[in-house]
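> Pasting the sequence and the predicted coordinates here, then a few questions.
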Amino acid sequence: MENTLAVPPGGHSVLVRVTDIRQYAYCPRVVYYTMVVPVPRPVTFKMEYGVDAQQHVEALEMRRKLRRYGLHSGERHFRVDLESPRLGLSGQVDLVLLTPDEAVPVEFKHTERPVSKNHRLQVAAYALLIEERMERPVRRGFICRLPSGRLQQLACGPVERQQALEIAASVRAMLHTQSRPGPTGVRARCTDCEFRRYCADVE
Ligand code: SF4
């Protein structure tokens, strides 16, 4: 699906990271506290264990069959850097499965919790970037949960793609105005949020 949001001449000067789309969909303030007024925060699994852990995950992945993705054959491309001024997006997808007929993004998640909407938008944003760069259609993506390796297939349809682009536009606007967005509407997320102490207005 074509990007239906306006593209400035020469493309966007500010590229929004796909991880920020995921986080903004979870709670806009998380991106504000990360990018506009950075506050101290705990390290993530990927930050703490870095390249070694990623290589371990990739070695495990190479021993798995492509059949589990519904593919007979294909190439695996790990940690693929992507960016597009036209889309105004950038990011690094953990794995792209490439066949002559399609490209399939896969994100590794160090959690067994259910996949939520923000992950769907993340995969949809990667789909847009991959189609532009790799010139293959992206019809689906996967979340691979670690350590179990359990897969969940996600759609990358026009609705998810458009929502991802709209969130990217919101992130860009927030960076421009530097104003703090409202809190998440799902207040249960605030209970054990690492930024809770900065959100005095949520109960
Ligand atoms: S405490 Fe709630 S509103 Fe504040 S950043 Fe966390 S999830 Fe968002």
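That came through, no problem.

> the helices in this protein, which residues?
With DSSP state H as the criterion, the chain has helices at 18-26, 28-31, 45-63, 117-134, 158-177.

> Of these, give the one that comes closest to the ligand.
helix 28-31 (3.8 Å; CB to the nearest ligand atom). (Each C-beta comes from the backbone N, C-alpha and C, glycine too.)

> Does anything pack onto that closest one? Which helices or strands?
helix 18-26, helix 158-177 (3 or more CB pairs under 8 Å, 6 or more residues apart in numbering; DSSP states H and E).

> Can you list the buried residues in the last one?
Residues 160-165, 167-168, 170-172, 174 are the ones in helix 158-177 that count as buried (16 or more other CB atoms under 10 Å).

> okay, these in JSON lines with distance to the ligand next?
Output for the buried residues of helix 158-177, formatted as JSON lines (distance: CB to the nearest ligand atom, whole Å):
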{"residue": "Glu160", "distance to the ligand": "22"}
{"residue": "Arg161", "distance to the ligand": "25"}
{"residue": "Gln162", "distance to the ligand": "24"}
{"residue": "Gln163", "distance to the ligand": "19"}
{"residue": "Ala164", "distance to the ligand": "19"}
{"residue": "Leu165", "distance to the ligand": "22"}
{"residue": "Ile167", "distance to the ligand": "15"}
{"residue": "Ala168", "distance to the ligand": "19"}
{"residue": "Ser170", "distance to the ligand": "15"}
{"residue": "Val171", "distance to the ligand": "15"}
{"residue": "Arg172", "distance to the ligand": "19"}
{"residue": "Met174", "distance to the ligand": "13"}
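
> Could you list which residues are in contact with the residue positioned nearest the centre of the chain?
For the chain, the residue sitting closest to the mean C-alpha position, by CA atoms, centre = their mean, is Gln122 at 3.1 Å. Contacts for Gln122 (CB atoms under 8 Å, 6 or more residues apart in numbering) come out as 18-19, 21-22, 107, 164.
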